[in-house]
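S.K.: sequence first, then the predicted structure, then my questions.
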Amino acid sequence: MNVDNFRLQIGGKEYVPIIIGGMGVNISTTELAVAAAKLGGIGHISDAIAGYVCDRIFNTSFISRKRKKYAEYSNNPDKSAVQFDLEEVAAAQKKYIEYTMAKKTGSGAIYLNCMEKLTMNNSIPTLKVRLTAAMDAGIDGLTLAAGLNLRTLDLIEDHPRFRDVKIGIIISSVRALAIFLKRASRLNRLPDYIVVEGPLAGGHLGFGPADWHTFDLKTIFLEVLAFLKKEGVSIPVIPAGGIFTGTDAVDYLQLGAAGVQVATRFTISKEAGLPAEVKQNYINAKEEDIVVNMASTTGYPMRMLTSSPTLRYAIKPNCEGLGYLLENGGKCTYIDEYYEALAARKAGEPLVIKEKTCLCTGMANYDCWTCGHTTYRLKETTNQLPNGKWQLPTAEDIFLDYQFSSDHTITLPKPEVSGTTRLNL
Ligand SMILES: Cc1cc2nc3c(=O)[nH]c(=O)nc-3n(C[C@H](O)[C@H](O)[C@H](O)COP(=O)(O)O)c2cc1C
């Protein structure tokens, strides 16, 4: 039995039941999403700071324009005036998504991971613009993430694609799902799929900082299935977090999952956006190098490598150009801590920031090495090269391994230099 014995049905279409989860900022790249769609699965791009992603891909200057406009605030802890121009947000979003969708081939789909918690110092209008522009640009689906998304559907109910674009929600508890469904049913627009994300996932976790480790994906997943059955609603349910082999995926598919969402295995793919040397750090990570901490300014716990450069940041807040995590009113716990540390510093001492990190800068610069719990197992999935480095598999290598492997075996990528490559078996 392997994953290929199953098919995922969403909105009358059939897919290989493998979804590559969204990973911002630009870790789940256009190329990664396109690879999943080509193989008949579903890939995600993330709209975390699309303007910045556009500047990297197309050499546009969305961020430098914003930075210039708000330069006078760079030494001012009050960032309330530092806002995004909604037309610029829409233009960047459209440009990035049109570019991605134009590259799509195959029978799969490309969805957008859209995080509610990306508040951009103007949460509701910016979220509305992001979602609207994504639909205008032809995205196949919207995966609503990082938040309860209580009012998100209301923001787009007048859009002509509201009933045709696929809409999914990521939740980590039946409670969060029940609240979302109540609102959705009022609009007569239930989600087309539900991603149940457990505590082993990468990125932010939808659990409390003290008790995240007391939860487990299988229990929540079964609770969600039971809840939907009790409510008499049939919506595809997709577990995520810690599904490391094709066999792990089959276990869920046999329990009634419609598909699985995976990410960590793909962080080291050639197509993923992390720099090549950072991918080597991911593969070399040991279990004790992976922690869940509260360094994120969002208030949610986040999993990352202890070696993440962002954990040692003492940089000036970078809100004038970036600032996509600024809460309404220009609030951010890193700004508070930075200016408190600055005021308390004695002459000649280095500035030390202990609790929070400038996550906008950390994520944009690939300095926050967020990862799933299973990252320490990535060395089981590829070949070590004679120089001690690791071969980076392609997204196709990883996808096909998920799709066709059985008995917890992992098919390693074909060695790049045959004869000289030492296999890591
Ligand atoms: C590097 C990384 C970045 C992530 N970033 C996001 C994100 O921006 N938004 C989100 O909703 N989920 C994010 N996730 C969660 C994944 O989309 C996915 O649901 C989860 O990690 C799947 O579990 P796995 O990594 O154990 O396979 C991220 C995961 C990783 C590994």
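M.R.: Sure, I can see it.
S.K.: give me the phi and psi for the residue in the stretch 151-300 of the chain that the ligand sits nearest to.
M.R.: Nearest residue of the stretch 151-300 of the chain to the ligand (CB to the nearest ligand atom) works out as Gly202 at 2.3 Å. Placement of C-beta: from N, CA and C, glycine included. Here is the backbone geometry of Gly202 (degrees, to the nearest 10): phi -90, psi 180.
S.K.: what about it, how many neighbours?
M.R.: Gly202 has 26 neighbours, counted by other CB atoms under 10 Å.
S.K.: likewise for the one 5 residues further on?
M.R.: Phe207 sits with 20 neighbouring residues when counted by other CB under 10 Å.
S.K.: that one against Pro301, yeah?
M.R.: Yes. Checked against CB atoms under 8 Å, the pair Phe207 and Pro301 is within contact range at 6.8 Å.
S.K.: can you give me the distance of Ala343 to the ligand?
M.R.: The gap separating Ala343 from the ligand is 33 Å, by CB to the nearest ligand atom, to the nearest Å.
S.K.: for Lys331, same thing?
M.R.: Where the ligand is concerned, Lys331 sits at a distance of 21 Å (CB to the nearest ligand atom).
S.K.: what does Ser46 give?
M.R.: To the ligand, Ser46 is 5 Å away according to CB to the nearest ligand atom.
S.K.: surely that residue is in contact with Thr29?
M.R.: No. Applying CB under 8 Å as the test, Ser46 and Thr29 come out as separate, 9.3 Å apart.
S.K.: so for these two, which sits in the more crowded spot?
M.R.: The neighbour comparison of Ser46 against Thr29 (other CB under 10 Å) goes to Ser46, with 28 against 23.
S.K.: list the contacts for the residue nearest to the more buried one when sequence neighbours are not counted?
M.R.: Among residues not flanking Ser46 along the chain, Gly24 sits closest, at 3.5 Å (CB to CB, 6 or more residues apart in numbering). By CB atoms under 8 Å, 6 or more residues apart in numbering, the contact set of Gly24 is Ser46, Asp47, Ala48, Ile49, Asn113, Met115, Gly203, Met363.
S.K.: same thing but 7 Å
M.R.: Ser46, Ala48, Asn113, Met363 (CB atoms under 7 Å, 6 or more residues apart in numbering).
S.K.: one more: Asn76?
M.R.: The contact partners of Asn76, by CB under 7 Å, 6+ apart, come to none.
S.K.: pLDDT score assigned to it?
M.R.: Looking at Asn76, its pLDDT is 96.
S.K.: specify the local secondary structure of the residue nearest to Ser46.
M.R.: coil (DSSP: H, G, I helix; E, B strand; the rest coil).
S.K.: do Leu400 as well
M.R.: When classified by three-state DSSP, Leu400 comes out as helix.
S.K.: quick one: contacts for the closest residue to the ligand within the stretch 51-200 of the chain?
M.R.: Taking CB to the nearest ligand atom, the ligand has its nearest neighbour within the stretch 51-200 of the chain at Ala145, 3.4 Å off. Contact analysis of Ala145 by CB under 7 Å, 6+ apart lists Gly22, Asn113, Cys114, Met115, Ile170.
S.K.: and it, how far from Ala176?
M.R.: According to CB to CB, to the nearest Å, Ala145 stands 12 Å off from Ala176.
S.K.: do Ala240 as well
M.R.: Ala240 sits 14 Å away from Ala176, taking CB to CB as the criterion.
S.K.: got it, and His204?
M.R.: 14 Å.
S.K.: so which of those two has more stuff around it?
M.R.: His204 (22 against 18).
S.K.: ok, and the closest non-adjacent residue to that one?
M.R.: Nearest non-adjacent residue to His204, counting by CB to CB, 6+ apart: Tyr300, 4.1 Å away.
S.K.: in what element of secondary structure is Leu181 found?
M.R.: helix 174-186 (DSSP states H and E).
S.K.: elements contacting the helix or strand following that helix?
M.R.: Note on helix 174-186: by DSSP H and E, the next helix or strand toward the C-terminus is strand 193-197. Under the contact criterion of 3 or more CB pairs under 7 Å, 6 or more residues apart in numbering; DSSP states H and E, strand 193-197 touches strand 166-171, helix 217-231, strand 237-240.
S.K.: just these: most buried one?
M.R.: Mean neighbour count (mean count of other CB atoms under 10 Å) peaks for strand 237-240 among these, with a mean of 26.
S.K.: hmm, who's touching that one?
M.R.: Against strand 237-240 from outside (CB under 7 Å, 6+ apart): 19, 21, 193-198, 201, 217, 221, 224-225, 252, 257-261.
S.K.: same thing but 6 Å
M.R.: 21, 193-197, 201, 217, 221, 224, 252, 257-261 (CB atoms under 6 Å, 6 or more residues apart in numbering).
S.K.: next one: stretch 160-177
M.R.: Taking CB under 6 Å, 6+ apart as the rule, stretch 160-177 contacts 10-11, 135, 141-145, 148, 156, 180, 191-195, 197, 206-207, 223-224, 227.
S.K.: just the buried residues of those.
M.R.: Buried by 16 or more other CB atoms under 10 Å: 10, 135, 141-145, 148, 156, 180, 191-195, 197, 206-207, 224, 227, out of the contacts of stretch 160-177.
S.K.: tell me which element Thr126 falls in.
M.R.: helix 123-136.
S.K.: got the buried residues for that helix?
M.R.: Across helix 123-136, burial judged by 16+ other CB under 10 Å covers Ser123, Thr126, Leu127, Lys128, Val129, Arg130, Leu131, Thr132, Ala133, Ala134, Met135, Asp136.
S.K.: please apply the same query to stretch 319-334.
M.R.: For stretch 319-334, a neighbour-count test (16+ other CB under 10 Å) marks 319-327, 330, 332-334 as buried.
S.K.: could you work out the most separated pair of those?
M.R.: Taking every pair in the buried residues of stretch 319-334 and measuring CB to CB, the maximum separation is 19.3 Å, between Gly321 and Thr333.
S.K.: strands of the stretch 251-400 of the chain, residue ranges please.
M.R.: In the stretch 251-400 of the chain, the segments counted as strands under DSSP state E, counting those that start in this stretch are 260-262, 290-293, 302-305.
S.K.: which neighbouring elements make contact with the shortest one?
M.R.: When contacts are defined as 3 or more CB pairs under 6 Å, 6 or more residues apart in numbering; DSSP states H and E, strand 260-262 packs onto strand 237-240.
S.K.: if we can go back for a sec, helix or strand next in line after the helix holding Thr126, which one?
M.R.: strand 141-145.
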